[in-house]
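> quick one, what's the 3D model for this:
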Amino acid sequence: MDDPCADMARASYWNHYNPVRIIAGAGAINHIGLCMEQFFPAPDPSETGKQKHTGTILLLTSKGFTRRGAVDRLCGIIVSARPWVHMEIHDSVQPNPDMRDMESLTHKYKGHTISGIIAMGGGSVLDTGKVLSVLLPHIVANSEYAGLEDILCQGKKPHFFKKIPLIAIPTTAGTGAEVTPFATIWDALRHKKYSLSDNLVFPCHALSDPELTLSLPEEETVNTGLDALSHALESLWNINRTPLSEALAWQALYLGVKALPAVLEQPESIDKRAQMTHAALLSGLAISQTKTALAHSISYPLTSRFNIPHGLACSFTLAEMIRLSVKEKVFPVHYSALLKELIFLLESLGLKNRIGKYASFKDILNENEAMHTPERADNCIIKPDLIRLLKQSLNI
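Here you go, the predicted structure:
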């Protein structure tokens, strides 16, 4: 196989677009007032005493953050920065949101005057915020709207012309959803995964604060960290890669391969959490340009049918895919040491045993026909035999 990197160097055209304003680092959440200028500018001084809100901020999160006091803290910061705003809180977002739940939530708020959305949580919360930000204006303006099922299952992509400004605040170091133009929506009845993709789906702002990841338990730290590594790798063995996406991905891998084991050893270290959060952010920026590839395509039926956590489901094949990519000269040789370090990390985490807690290896192999999602799998530069890849990844 010819060296794809040489082909990339000879490429005469590529483009990069990402409109998300990023505020990153410990304490980033305290700067949410800077982002809210777009929602609620300061009142006109000539209207003293008339500080009436012109709409509502919808805060999406999960009950865990309400219980731990994070919602109260965030609301306190918001009220301090914009004391005239009205807050509406929805803290019942579930993991892997089903399209019917998403539809119900959309209809719940379609009659409200929502001027801004804040999504604080993992990938599912951020994706919910992204869907609502484009779908609520679409429903209001389109009397012929037939529902998410019509859009996703029937492939009738709407023309989104407007969105509600969205601030994305990730609380895991993995999904990168705070900087991507797509949102994952699940169909629990059909065991399928769909993606709502549009440039308007990009959040307006991302607040990447490692302090919000300090409460993550070990298993979730592992699974979301794996997700970040998978995003970086998937953007590298990808036909859509660009010089800039490659630079982002390699830097993410350099950070992540050190940070993930360090965080597992020192989960209360804000410095280690910050490095992992940075790696996840860079990985998200990379896939915002390339989309994902084969490892993610493999993961979708495993998450939908067996509830295997997304980061685990899309990572158990990575070590073997790295080996195949090296064999086919997908990567420049000067990254060999880093790639060996990644393989060692992936194998040291015992992914085969972790995934075996959710499904038998036979059940996993039986899903092979459902593992080919063309819009993801076809992005992959390498074209391995799927059954062989699965068996090698599971050591069977």
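
> strands of this protein, residue ranges please.
Listed from the start of the chain, the chain has strands (DSSP state E) covering 21-24, 56-60, 86-90, 114-121, 166-170, 182-187, 192-197, 205-208.

> redo the ones you listed as JSON lines? Include mean neighbour count, mean pLDDT and distance to Val140.
No exception for glycine: its C-beta is placed from N, CA and C like everyone else's. Shown next, in JSON lines, are these (neighbours: other CB atoms under 10 Å; pLDDT from 0 to 100; distance: least, CB to CB, whole Å):
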{"stretch": "strand 21-24", "mean neighbour count": "16", "mean pLDDT": "97", "distance to Val140": "26"}
{"stretch": "strand 56-60", "mean neighbour count": "23", "mean pLDDT": "93", "distance to Val140": "14"}
{"stretch": "strand 86-90", "mean neighbour count": "15", "mean pLDDT": "93", "distance to Val140": "17"}
{"stretch": "strand 114-121", "mean neighbour count": "25", "mean pLDDT": "94", "distance to Val140": "10"}
{"stretch": "strand 166-170", "mean neighbour count": "29", "mean pLDDT": "97", "distance to Val140": "17"}
{"stretch": "strand 182-187", "mean neighbour count": "22", "mean pLDDT": "93", "distance to Val140": "19"}
{"stretch": "strand 192-197", "mean neighbour count": "19", "mean pLDDT": "90", "distance to Val140": "17"}
{"stretch": "strand 205-208", "mean neighbour count": "25", "mean pLDDT": "97", "distance to Val140": "23"}
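
> so which of those strands is nearest Thr317?
Across the strands of the chain, Thr317 has its closest neighbour in strand 192-197 (16.8 Å, CB to CB).

> partner strands of that closest one, with direction?
Strand 192-197 has the following strand partners under DSSP bridges: strand 182-187 (antiparallel).

> just the CA atoms of the partner strand, as CSV, please.
Taking only C-alpha atoms (Å, rounded to 0.1, in the frame of the first residue of the first chain), the coordinates of strand 182-187 have been written out as CSV:
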residue,chain,number,x,y,z
PHE,A,182,-23.7,15.9,15.0
ALA,A,183,-25.9,14.5,17.7
THR,A,184,-26.5,10.8,18.4
ILE,A,185,-30.1,9.6,18.8
TRP,A,186,-31.1,6.0,19.5
ASP,A,187,-34.0,4.0,18.4
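
> ok, and what's touching that strand?
Surrounding strand 182-187, the residues in contact under the criterion CB atoms under 8 Å, 6 or more residues apart in numbering are 96-99, 102, 123-124, 126-128, 130-131, 148, 152-153, 177, 192-197, 201, 291, 304.

> can you select the buried ones from the residues you listed in ChimeraX?
In ChimeraX, the members of the contacts of strand 182-187 classed as buried (16 or more other CB atoms under 10 Å) are selected with the following command:
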select :96,97,99,102,123,124,126,127,128,130,131,148,152,177,192,193,194,195,196,201,291,304
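
> please parse this protein into its domains.
When the chain is parsed with automatic domain parsing, its domains come out as 4-12+216-394, 28-36+54-208.

> the shortest one spans what distance, first to last residue?
Meaning domain 28-36+54-208. One end of domain 28-36+54-208 sits 6 Å from the other (CA to CA, to the nearest Å).

> centre of the chain versus that domain, how much separation?
Average the C-alpha atoms of domain 28-36+54-208, do the same for its chain, and the two points are 13 Å apart (CA atoms, centre = their mean, to the nearest Å).

> sort out which residues of the biggest helix by length in the chain are buried, please.
In the chain, assigned by DSSP state H, the helix with the most residues is helix 243-265. Applying a neighbour-count criterion of 16+ other CB under 10 Å, the buried positions in helix 243-265 are 245-246, 248-263.
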